[in-house]
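Enquirer: what would the 3D arrangement of this be:
(chains A and B, ligands or ions: 2)
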Amino acid sequence: MKDNVVIELEGVNKWFGDFHVLKDIDLKVRERERVVVCGPSGSGKSTVIRCINRLEEHQEGRIVVDGQELDDDTRNVAAVRREVGMVFQQFNLFPHLTVIENCMLGPTRARGMSKAEARDRAMEYLARVRIPEQAEKYPGQLSGGQQQRVAIARSLCMQPKVMLFDEPTSALDPEMIKEVLDVMIDLAQSGMTMIVVTHEMGFARTVADQMVFMDEGRIVETAPPERFFANPESERTKLFLSQILSH
Amino acid sequence: MTARRGTPRLGWMDYVVFAILIAAVAYVWYRVDSVLEYRWDWAVIPHYLYRWDEEQQRWVANLLMQGLYTTIRLALWSIVLAALIGVVFGIMRTSRRLFPRLLSRVYVELIRNVPPLVFIFIFYFFISSQIMPLLGIEELVRSASPETLAWLEFLFGPPKLISNVISGVICLAMFEGAYVTEIVRAGIQSIPKTQTEAGLSIGLSRLKLMRYVILPQAVQRVVPPLAGQFITLVKDSSIVSLISIQELTFLAIETAVSTTRVFEVWITVAGLYFCVCYFCALLFDWMERRMAVDR
Ligand SMILES: Nc1ncnc2c1ncn2[C@@H]1O[C@H](COP(=O)(O)OP(=O)(O)OP(=O)(O)O)[C@@H](O)[C@H]1O
Ligand SMILES: [Mg+2]
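Expert: Ligands and ions are numbered 1, 2, ... in the order given. This is a model prediction of the structure:
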């Protein structure tokens, strides 16, 4: 089943005003594939994955998600987004809802699931991210690591086809990074299709099928992790790796 | 949380301020009493609050209390209607589409930049000649069963004044709705964009995002300014006396004229307004603290 293309970007270009953020982006992600995107700050990594669930609109090229092309005519963007989970750097939990209500909101309101069923499902995923005991608390009462795991559970409750992660650990204190990465490794091993923007190269080595390196709005290099880390082709990749791997 | 709560401690400054206050009141009293040679006669006031009805053999509200009840009804219904208008137009004001945004903007600017009195004169003419016949209130009242009539009386006051009260409600609500709109807009815009993104990315539609993510959070921020606005509304309700809505101020003018006890009547009326507004202030304060505890 590894051949089913879930996400396809073809010649995608995007501008913020005069600023050309994305330049001819081509990317293909198949079912069960894990892609890790890295690159220097401002290279357009966030913008790429935000285009995939249409939090940003691209101006040129094609983006196809689960067979649905995203363009101005796309009737039901919400339907596409239901199949694409997104985890943000700043967690973005709903502060007025408890943990379990955060997890139930999507299934009940966007999928029309019954409360009881949504609750069971939420508990199941909260157990998978290892915080079932926090279900009745408010996000403000949790640590950063716990909040990010709730955010992951909240996305998983929609049972998406793909999960997007935008630097999920970079707002966390060092001692909490591991608990989040462990959950993500579990998820990868369960066969979830994932695109992860991160600088956690240990994580990348463990789970990535493909590494994507971006610089100045372009995809500079795409390679399997063994080759990507051992002998990258581009000079810019080498430089970037030497900078982040030295620490 | 604002100020620390507890028993207030009085310092010497408080006593000085208090003494000055007493002196000022005493002075005004003295001036009115001796210089104006005003003969106080508070004895007439109670009668205008409540009077003994011989026919029914019970106490019934007289002009001032009738006016107060009308004012309360007027304020309550206007608040409900203004809140509805405010929520709808406030949401439109933050819409991504131009038309709703423009419409809402025009409404708000129109009302904010015309004196309330002028607006109400113009608008009342329109309501009484166009909207009220359309609503068919008069017919409804005429053909209502005694039971419905009792309900209508409880909700809107004496049947023969219902259309009068409803005109006042519409006028006030249209007017205050503009301010509520601005408060709601500010509340919605104070919610970070990341909340919108999080809501959209779990597949909520724009409408549901508003309903389940944005509004519940905005409500908490909007309660304090809204409470202030609603108290303003109670006070502003006195201006509809000018279009003959028979609320407290309107009936106070009548009472003052017929009794010639100008000071007594108006001081009583001020006291009545104060009680209502202060009660609202305490109520909103309590609600606000309740909501803070819930978090
Ligand atoms: N809404 C916006 N309007 C204008 N410019 C923007 C906007 N969002 C991002 N940019 C710019 O686009 C460029 C790419 O941003 P993006 O967030 O995709 O970078 P990134 O690779 O995720 O960087 P980082 O590692 O800092 O998160 C940056 O130079 C940023 O300043
Ligand atoms: Mg980024």
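
Enquirer: so which elements touch the lengthiest helix in chain A?
Expert: Secondary structure of chain A per DSSP state H: the longest helix is helix A:174-189. Counting contacts by 3 or more C-beta pairs under 8 Å, 6 or more residues apart in numbering or on different chains; DSSP states H and E, helix A:174-189 packs against helix A:144-156, strand A:193-197, helix A:201-207. C-beta: built from backbone N, CA, C; applies to glycine.

Enquirer: tell me the buried residues in the shortest one?
Expert: Going by neighbour count (16 or more other C-beta atoms under 10 Å in any protein chain shown), the buried part of strand A:193-197 is A:193, A:194, A:195, A:196, A:197.

Enquirer: mind listing what that strand pairs with, with the direction of each?
Expert: strand A:34-38 (parallel), strand A:162-166 (parallel) (DSSP bridges).

Enquirer: is ligand 1 contacted by that strand?
Expert: No: counting by C-beta under 6 Å from any ligand atom, ligand 1 is not contacted by strand A:193-197; separation bottoms out at 6.6 Å.

Enquirer: what's the burial count for residue 160?
Expert: All of this refers to chain A. Under the neighbour criterion other C-beta atoms under 10 Å in any protein chain shown, residue A:160 is assigned a count of 23.

Enquirer: the chain in question should be chain B.
Expert: 9.

Enquirer: if we can go back for a sec, now the angle from the longest helix of chain A to strand A:162-166?
Expert: If you take axes from the mean of the first three to the mean of the last three C-alpha atoms, to 10 degrees, helix A:174-189 sits at 160 degrees to strand A:162-166.

Enquirer: run the chain-centre distance for helix A:174-189.
Expert: 13 Å (C-alpha atoms, centre = their mean, to the nearest Å).

Enquirer: mean confidence score for it?
Expert: Rounded to a whole number, the mean pLDDT of helix A:174-189 is 95.

Enquirer: stretch B:271-287 now?
Expert: Mean predicted confidence for stretch B:271-287 is 91.

Enquirer: and for stretch A:157-169?
Expert: 96.

Enquirer: okay, now that stretch: how far is its last residue from its first?
Expert: 20 Å (C-alpha to C-alpha, to the nearest Å).

Enquirer: show me what counts as buried in that stretch.
Expert: Across stretch A:157-169, burial judged by 16+ other C-beta under 10 Å covers A:157, A:158, A:160, A:161, A:162, A:163, A:164, A:165, A:166, A:167, A:168, A:169.

Enquirer: ok, now stretch A:199-206?
Expert: Applying 16+ other C-beta under 10 Å to stretch A:199-206 flags A:199, A:200, A:201, A:203, A:204, A:206 as buried.

Enquirer: contacting residues around it?
Expert: A:36, A:38, A:167, A:169-170, A:177, A:181, A:184-185, A:188, A:196, A:198, A:211, A:225, A:229, A:241, A:244-245 (C-beta atoms under 8 Å, 6 or more residues apart in numbering or on different chains).

Enquirer: report the buried members of these.
Expert: Buried subset of the contacts of stretch A:199-206 (neighbour count, 16+ other C-beta under 10 Å): A:36, A:38, A:167, A:169, A:177, A:181, A:184, A:188, A:196, A:198, A:211, A:225, A:229, A:241.

Enquirer: quick check: closest non-adjacent residue to the third one.
Expert: The spatially closest residue to residue A:167, leaving aside those adjacent along the chain, is residue A:89, at 4.5 Å (C-beta to C-beta, 6 or more residues apart in numbering or on different chains).

Enquirer: and the fifth one, by the same measure?
Expert: If you skip the residues right next to it in sequence, residue A:177 has residue A:169 as its closest partner in space, 4.5 Å away by C-beta to C-beta, 6+ apart.

Enquirer: my guess is that neighbour meets residue A:183, correct?
Expert: No: at 10.6 Å, residue A:169 does not count as touching residue A:183 under the criterion of C-beta atoms under 8 Å.

Enquirer: now the strands for the chain?
Expert: Going with chain A. For chain A, applying DSSP state E gives strands covering A:5-16, A:19-30, A:34-38, A:60-65, A:68-69, A:84-87, A:162-166, A:193-197, A:210-215, A:218-223.

Enquirer: try chain B instead
Expert: Under DSSP E, chain B gives strands at B:50-53, B:58-61.

Enquirer: columns mean neighbour count, distance to residue A:104 and mean pLDDT on top of those, output as CSV?
Expert: As requested, those are exported to CSV (neighbours: other C-beta atoms under 10 Å in any protein chain shown; distance: least, C-beta to C-beta, whole Å; pLDDT from 0 to 100):
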stretch, mean neighbour count, distance to residue A:104, mean pLDDT
strand B:50-53, 13, 54, 84
strand B:58-61, 12, 51, 83
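
Enquirer: for residue A:129, which non-adjacent residue is closest in space?
Expert: Spatial nearest neighbour of residue A:129, excluding adjacent residues (C-beta to C-beta, 6+ apart): residue A:149 at 4.0 Å.

Enquirer: swap in residue A:14?
Expert: Spatial nearest neighbour of residue A:14, excluding adjacent residues (C-beta to C-beta, 6+ apart): residue A:22 at 4.0 Å.

Enquirer: and the gap between that neighbour and residue B:103?
Expert: As judged by C-beta to C-beta, to the nearest Å, residue A:22 and residue B:103 stand 36 Å apart.

Enquirer: when the two are compared, which one has more neighbours?
Expert: Using other C-beta under 10 Å, the more surrounded residue of residue A:22 and residue B:103 is residue A:22, with 25 against 14.

Enquirer: tell me the pLDDT of the more buried one.
Expert: At residue A:22, the pLDDT value in this model is 97.

Enquirer: surely it and residue A:46 touch.
Expert: No: at 10.8 Å, residue A:22 and residue A:46 do not qualify as touching, with contact defined as C-beta under 8 Å.

Enquirer: which parts of the stretch 51-200 of chain B sit against chain A?
Expert: B:194, B:195, B:197, B:198, B:199, B:200 (C-beta under 8 Å from any C-beta of the partner chain).

Enquirer: switch to 6 Å and redo it
Expert: Listed as neighbours of chain A in the stretch 51-200 of chain B under the rule C-beta under 6 Å from any C-beta of the partner chain: B:194, B:197, B:198.

Enquirer: now do the same for the first one: its pLDDT.
Expert: The per-residue pLDDT reported for residue B:194 equals 96.

Enquirer: what's the burial count for it?
Expert: Residue B:194: 13 neighbours (other C-beta under 10 Å).

Enquirer: do the second one as well
Expert: With neighbours defined by other C-beta under 10 Å, the count for residue B:197 comes to 16.

Enquirer: got the contact list for it?
Expert: Applying C-beta atoms under 6 Å, 6 or more residues apart in numbering or on different chains to residue B:197 gives the contacts residue A:55.

Enquirer: recalculate using a threshold of 7 Å.
Expert: A:55, A:92 (C-beta atoms under 7 Å, 6 or more residues apart in numbering or on different chains).

Enquirer: mind checking pLDDT for it?
Expert: 96.

Enquirer: max-length helix in chain B?
Expert: Secondary structure of chain B per DSSP H: the longest helix is helix B:262-294.

Enquirer: could the strands paired with strand A:193-197 go into TSV alongside distance to residue B:247?
Expert: Below are these laid out as TSV (distance: least, C-beta to C-beta, whole Å):
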stretch	distance to residue B:247
strand A:34-38	66
strand A:162-166	57
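
Enquirer: what's the closest non-adjacent residue to the residue sitting nearest the centre point of chain B?
Expert: In chain B, the centroid-proximal residue (C-alpha atoms, centre = their mean) is residue B:234; its distance is 2.7 Å. Excluding its sequence neighbours, the residue lying closest to residue B:234 (C-beta to C-beta, 6+ apart) is residue B:75, at 4.6 Å.
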